[in-house]
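Q: Got a sequence here, can you build the structure:
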Amino acid sequence: MAEKKEHIEIVSLPEYAQSAEEAADFSVSTLCGMGPNFFEHQEAPHRHNFYTIYWIKNGQLTHTIDTVTHVVKDNTLFFLAPGQVHQMNFSEKVDGYMIAFHDSLMCPSDQSKMSIVRNRLFVNDHFSSVIHIASKSDESELEWMVGRMMQEVENKQPNYEVAFQNLLQYFLVVASRNAPQPISVIPEYHAKHNSALFISFKSLIEEKYQQLKNVSDYAALLHIKPVLLNEISKQLSGITAGEHIRNRVILEAQRLLYNTDLTAKEIAYKLGFDDPHYFSRFFKKYTSQSPSEFKELAKVPVNQ
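A: Numbering: from 1, shown residues only. You can find the predicted model right below:
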């Protein structure tokens, strides 16, 4: 009998580095230039503890992010936040790039317009972004930027970290212009303040969704009233704070159902539910499927 799969592997950035000198807060490489550990990890479901951008230039593969399988087109960008579960199955040689970086380059407390662009690419209603680059001029611009990033990392001239971060920001802005719904920002002070609160709220969900399930708990941590947190959430994302909390719990349940052999009861306890029957009712209410039905029907490819 095969060993029961109870955990999803967590991969750290140094594991993809080809030498100790590269084990920094960021990395950029062609896919062909990645070390052997990279390809060994790709076919099994795993999480990163860093932000990742994959740019698939050409080739054929399927890429499963959480529970959705994408059949990859040429010039596709994938944006993965830390903690997302993904796996790639290559059917032939694939050309492209991987850009990886830690929180230190994301500046989560920054209230600038750039922080809104970054966070909406990586932390959105679907917890991932998949963007096709159709513009030849944008493709050329993005490829130039990746080339410059690789030069900065290779040469390590003074302040190369700053150069890399600025190139990364420009890359994200150009990529965001190719999103199905272009990412825009509102310059007013209150909008910036509310955006910072909302980003803090989404970060708290990531930290505490297993323990805290109520809007009032998160509002207390942010030192605001629950009604205000709901208003900010509706304004910036179109859904309430409570829906964000529920969506995160449901997403993790789906990840575990899809990628492990844990039972629904074991998953319920893992996600902080005292009553497994309540967890099953909760899951079915918001997905229209029982946990067992989801597990059976989930692995259906979705064409881009």
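Q: Can you say which helix or strand has residue 219 in it?
A: Per DSSP states H and E: residue 219 is located in helix 215-222.
Q: name the helices or strands packed onto that helix?
A: Judged by 3 or more CB pairs under 8 Å, 6 or more residues apart in numbering; DSSP states H and E, the packing partners of helix 215-222 are helix 189-208, helix 226-237, helix 241-259. Every C-beta, even on glycine, is put in place using the N, C-alpha and C of the backbone.
Q: For residue 287, see how far away residue 67 is.
A: From residue 67 across to residue 287, the span is 11 Å (CB to CB, to the nearest Å).
Q: What of residue 207?
A: 24 Å.
Q: Mind checking which of these two has more residues around it?
A: Legend: neighbour count by other CB atoms under 10 Å for residue 207 and residue 287, higher for residue 287 (14 against 10).
Q: returning to what we had before: between residue 67 and residue 287, which contacts overlap?
A: Listed as contacting both residue 67 and residue 287 by CB atoms under 8 Å, 6 or more residues apart in numbering are residue 254.
Q: And the residue most central in space within the chain, its phi and psi?
A: When CA atoms, centre = their mean is applied to the chain, the residue found nearest the centroid is residue 81 (2.5 Å). Residue 81 adopts backbone torsions of phi -90, psi 160, taken as degrees, to the nearest 10.
Q: Next: residue 70.
A: Dihedral angles for residue 70 - degrees, to the nearest 10 - are phi -100, psi 130.
Q: Number the chain from 32, please
A: Right, with 32 as the first residue, what we last looked at is residue 101.
Q: and the gap between the closest residue to it other than its chain neighbours and residue 236?
A: Once flanking residues are discounted, residue 101 sits nearest to residue 94: 4.9 Å by CB to CB, 6 or more residues apart in numbering. Per CB to CB, residue 94 is found 25 Å from residue 236.
Q: Between the two, tell me which one has more neighbours.
A: Comparing residue 94 with residue 236 by other CB under 10 Å, the one with more neighbours is residue 94, at 22 against 18.
Q: quick one: secondary structure of that one?
A: Counting by DSSP: H, G, I helix; E, B strand; the rest coil, the backbone at residue 94 sits in strand.
Q: how about it, what does it touch?
A: By CB under 8 Å, 6+ apart, the neighbours of residue 94 are 85, 87, 100-101, 103, 109, 117-119.
Q: let's go with 6 Å and repeat that
A: Neighbour list for residue 94: 101, 103, 119 [criterion: CB atoms under 6 Å, 6 or more residues apart in numbering].
Q: Need the mean per-residue confidence for the helix holding residue 250.
A: For helix 246-253, the mean per-residue pLDDT is 92.
Q: before we move on, the earlier item: most neighbours of all the contacts of residue 94, which one?
A: Within the contacts of residue 94, most neighbours by other CB under 10 Å means residue 103, with 23 neighbours.
Q: Which other helices and strands does the strand or helix carrying residue 195 contact?
A: Assessed by DSSP H and E, residue 195 sits inside helix 191-207. Counting contacts by 3 or more CB pairs under 6 Å, 6 or more residues apart in numbering; DSSP states H and E, helix 191-207 packs against helix 144-153, helix 167-186.
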